[in-house]
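K.L.:
Attaching a predicted model along with its sequence, questions to come.
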Amino acid sequence: MQIGVFEYGFLLTAFGVALGLWREKRKFDRTNPSGIEQFRSFGHKMVATTFDDVLYWVALGCLFVGLFILAFG
């Protein structure tokens, strides 16, 4: 069975949505009842926010490429 262009576009779009939701869940899990993000240390904050930023850009790239493939593939 071969995977067509539509399936690649759909998988990339779904992967982008999943990464975006995972990023938001990570941020939500770090918030206290007042809505303020809490970290164990400054280093943990730097690593966590950098990882979240990387997740954001990868998710956005997957979404755009997936939607482009679905629209023009």
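P.N.:
Here it is on my side, so go on.
K.L.:
Could you tell me whether residue 12 really is in a helix?
P.N.:
Yes - when DSSP: H, G, I helix; E, B strand; the rest coil is applied, residue 12 is found to be in a helix.
K.L.:
Verify the stated contact: it with residue 69.
P.N.:
Yes - between residue 12 and residue 69 a contact is recorded at 6.6 Å, counting by CB atoms under 8 Å. No exception for glycine: its C-beta is placed from N, CA and C like everyone else's.
K.L.:
gap between residue 49 and residue 69?
P.N.:
According to CB to CB, to the nearest Å, residue 49 and residue 69 sit 30 Å apart.
K.L.:
neighbour-wise, which of the two wins?
P.N.:
residue 69 (18 against 14; other CB atoms under 10 Å).
K.L.:
count of neighbours near residue 55?
P.N.:
Residues near residue 55, counting by other CB under 10 Å, number 16.
K.L.:
so which helix or strand takes in the closest residue to it other than its chain neighbours?
P.N.:
Distances taken as CB to CB, 6 or more residues apart in numbering put residue 23 closest to residue 55, at 4.3 Å, once the chain neighbours are dropped. For residue 23, the host element (DSSP states H and E) is helix 5-29.
K.L.:
need the contact list for the residue lying closest to residue 8 once chain neighbours are set aside.
P.N.:
Nearest residue to residue 8 in three dimensions, chain neighbours excluded: residue 69, at 5.9 Å (CB to CB, 6+ apart). Residue 69 sits next to 5, 8-9, 12 when contact means CB atoms under 8 Å, 6 or more residues apart in numbering.
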